[in-house]
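J.: next input, structure requested:
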Amino acid sequence: MQLLRRATALLLIVSVTAVLGACQSVSYSDSELIEAALKAKPQSLETYVLGPGDAVSVSVWRNPDLSTETTIRPDGKLSSPLVGDLLAAGLSPEQLATAIEDRLSVYLKEPKVSVIVRNSNSYEFTNRVRITGAVNNPQSIPYKEGVTILDLVLSAGGMTDFAKGGSAILYRQFQQQTVVIPVDLEAIMNGGDIRANYRLLPGDVVTVPEKVL
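T.: Here you go, the predicted structure:
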């Protein structure tokens, strides 16, 4: 899935850091939402998903005055004549074109819109997985299909002596929201329980809190 794009991921990392620094308790997402998010699959490589920083060309057939070239803002939105602000991050170019057509249909009869990506600046940022908190080497690595939470923890040099591995968290963007998923790293690494060794998706962030002394 989708997993949200560059600004969403950046805001997610900032919020995760704030929670860890404040040692606050975290509220997990609804169990049904967690189950659905864990069943999500990576976006097809054939389907490009728009994100902040992407430059796009919006063409409205027979209405050149409504056609424009614009860049998706950090909040995930873009601006277009008559359409105003519209959320673009997380959509494919085809989905964005349909959303713009829906807005323009108030003013035009059966508008035809095409969206072309001129510069894809968000891909490098979002096509990664990250681990933060009480690990020996917090890092961001390029996403590879099939990579798991355990793979990510090991790539970070394992947990520190102060890690509270039983309370780790996986943050995943799904259906344009952040899903907060509990992960028991102690059970995975010390108990051999692989049920929670979830496969990761692009944009996933794993955090490992420290023990409260």
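J.: in a helix, that's where Gln95 is, yeah?
T.: Yes: read with DSSP: H, G, I helix; E, B strand; the rest coil, Gln95 is one of the residues of a helix.
J.: element containing Thr70, please.
T.: Thr70 belongs to strand 68-71 when elements are defined using DSSP states H and E.
J.: name the nearest residue to Val49, sequence neighbours excluded.
T.: Beyond its immediate neighbours in the sequence, the residue positioned closest to Val49 (Cβ to Cβ, 6 or more residues apart in numbering) is Gln43, lying 5.6 Å away. C-beta coordinates here come from the backbone N, C-alpha and C atoms, glycine included.
J.: so Arg195: helix, strand or coil?
T.: Classification of Arg195 using three-state DSSP returns helix.
J.: local confidence estimate at it?
T.: Each residue has a pLDDT score; the one for Arg195 is 92.
J.: related to what we said a few turns ago, what helices or strands is the strand holding Thr70 leaning on?
T.: Of the remaining helices and strands, those touching strand 68-71 by 3 or more Cβ pairs under 8 Å, 6 or more residues apart in numbering; DSSP states H and E are strand 55-60, strand 77-80.
J.: what separates that strand from the chain centre, distance-wise?
T.: Using Cα atoms, centre = their mean, to the nearest Å, the mean C-alpha position of strand 68-71 is found 23 Å from that of the whole chain.
J.: outside of it, which residues touch it?
T.: Residues outside strand 68-71 that contact it (Cβ atoms under 8 Å, 6 or more residues apart in numbering) are Gly53, Asp54, Ala55, Val56, Ser57, Val58, Leu78, Ser79, Ser80, Pro81, Arg118.
J.: so which of those is the closest to Leu87?
T.: Closest approach to Leu87 among the contacts of strand 68-71 (Cβ to Cβ): Leu78, at 8.5 Å.
J.: now the residue nearest to Ala163 when sequence neighbours are not counted: how far from Leu33?
T.: Leaving aside its chain neighbours, Ala163 sits nearest to Ala134 (3.7 Å; criterion: Cβ to Cβ, 6+ apart). For Ala134, the distance to Leu33 equals 26 Å [Cβ to Cβ, to the nearest Å].
J.: if you count surrounding residues, which of these two has more?
T.: More neighbours sit around Ala134 than around the other of Ala134 and Leu33, counting by other Cβ atoms under 10 Å; the figures are 21 against 16.
J.: where's the more buried one relative to Val206, distance?
T.: 11 Å.
J.: domain assignment for this structure?
T.: Under automatic domain parsing, the residue ranges defining each domain of the chain are 6-45+125-208, 55-119.
J.: confidence-wise, which of those domains is weakest overall?
T.: Out of the domains of the chain, the stretch the model trusts least by mean pLDDT is domain 6-45+125-208, with a mean of 85.
J.: check the offset of it from the chain's centre.
T.: 12 Å.
J.: how about the contacts made by Ile131?
T.: Here Ile131 is in contact with Pro138, Gln139, Leu152, Val153, Ser155, Ala156, Val205, Val206, Thr207, Val208 (criterion: Cβ under 8 Å, 6+ apart).
J.: count the neighbours of the third one for me.
T.: Using other Cβ under 10 Å, the number of residues around Leu152 comes to 20.
J.: wasn't it part of a helix?
T.: Yes: under the criterion used here (three-state DSSP), Leu152 sits inside a helix.
J.: alright, calling it a day.
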